[in-house]
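Peer 1: Need the 3D shape of this:
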Amino acid sequence: MMHHTKKNWLGRFLALGVAACAAAFAPAAGAASTKDAILESGTLTIGIHNRAPWGFRDADGKAAGFHADLVREAFAPLGVKNINFVITEFGALIPGLTARRFDMVASGLAITPPRCEVVIFSEPDLAVGDGLIVAKGNPLKLRSYADIAANPKVRLAGGRGTLNSKNAQDAGVPASQMVFLDSPQSQLSALIAGRVDAVTLSAPSVVSLLQDPNVKGVERARPFQGLIRNGVPAAMYTGIAFRKEDEDLRDLFNKQLAKLKADGTVSKLMERYGFTPDDAPPSAVTTARVCAGEY
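Peer 2: The predicted model follows:
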């Protein structure tokens, strides 16, 4: 009898211990949400991966980039002006967000169905399609993959196994016209040396490479039409990422984002960082549809 009593007592003790631990790590009842804490303190912490043109430290050590400036513009009218930028590896952005190292990720993060399983996103702020780098003045008048496919003498450099190279081939550029190289730098070098006539990269990579003052004699082909899929240009849609429990913060940002799109602020930021009107997401493309795999 005593043996059973001890077992029962031990069971109740362990149960109480588990409950106490759970209570210790659970959010306090009535605790302020992330949104409320940000608005009350005027402080916001952002995760970036230190890469232009998204979110990076400039020569003066100041955080810059399209998404860094977009967050500043969105939250400044709300009295949130103390913004801390935490630099981390790209692959650590979402884990860092879910681990509460920062309040959101604003660093060129693509909205994808797998990521939508883990975090929530703002509405798309950019539709990052393929970009094309050509010789200064675009002497061959290359403004689409169709232009390249139509001229069998044109040689197009692309990365091995990249989405950009696949898009070019899906759009009709034969493999015989493709020159596959390992890095954007080697592709650009081939163009400058005249070994190829154009380079296909993601638009952000094009922007980043051409911001180097040492890169001369080449330019971004504008306008440029990449692969068309389901009547819409194939693109990587970017947005700001939030924890799943922070829907109210996401909704607040979306409200501010809509205002910034309407008053032209987003367009000015796009121009500042080398994007064009072609990089704006179509109105029909929503985060819900991207998360559902429609784009």
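Peer 1: Kindly export stretch 58-67 (C-alpha atoms) in CSV.
Peer 2: C-alpha atoms of stretch 58-67 as CSV (Å, rounded to 0.1, in the frame of the first residue of the first chain):
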residue,chain,number,x,y,z
ASP,A,58,27.3,51.0,-46.2
ALA,A,59,30.8,52.4,-46.2
ASP,A,60,29.8,54.6,-43.2
GLY,A,61,28.5,51.6,-41.2
LYS,A,62,24.8,52.7,-41.6
ALA,A,63,22.2,50.2,-42.6
ALA,A,64,21.0,50.8,-46.1
GLY,A,65,19.1,49.0,-48.8
PHE,A,66,15.7,48.9,-50.4
HIS,A,67,14.1,46.9,-47.5
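Peer 1: contacts for stretch 169-178?
Peer 2: Here stretch 169-178 makes contact (C-beta atoms under 8 Å, 6 or more residues apart in numbering) with 144-146, 148-149, 152, 154-158, 165, 168, 226-228. All C-beta atoms are positioned from the backbone trio N, CA, C, and that covers glycine.
Peer 1: Count the neighbours of the residue lying closest to residue 276 once chain neighbours are set aside for me.
Peer 2: Excluding the flanking residues, the one nearest residue 276 by C-beta to C-beta, 6 or more residues apart in numbering is residue 222, at 6.0 Å. Number of residues near residue 222 (other C-beta atoms under 10 Å) recorded here: 13.
Peer 1: Can you tell me what sits against stretch 52-62?
Peer 2: Residues from elsewhere that reach stretch 52-62 (C-beta under 8 Å, 6+ apart): 46, 48-50, 63-68, 85, 87, 106-108, 204, 207-208, 211, 273-275.
Peer 1: Stretch 206-222 now?
Peer 2: With C-beta under 8 Å, 6+ apart as the contact definition, stretch 206-222 has outside contacts at 51-53, 131-138, 142-143, 184-185, 188, 191-192, 198, 201, 273-276, 278.
Peer 1: Are any of these buried, and if so which?
Peer 2: Among the contacts of stretch 206-222, those classed as buried by 16 or more other C-beta atoms under 10 Å are 51-53, 131-135, 138, 142-143, 184, 188, 191-192, 198, 201, 273-276, 278.
Peer 1: after the helix or strand that residue 169 is a member of comes which helix or strand?
Peer 2: Under the criterion of DSSP states H and E, residue 169 resides in helix 163-170. With elements assigned by DSSP H and E, the helix or strand that comes after helix 163-170 is strand 178-181.
Peer 1: Sounds good, over and out.
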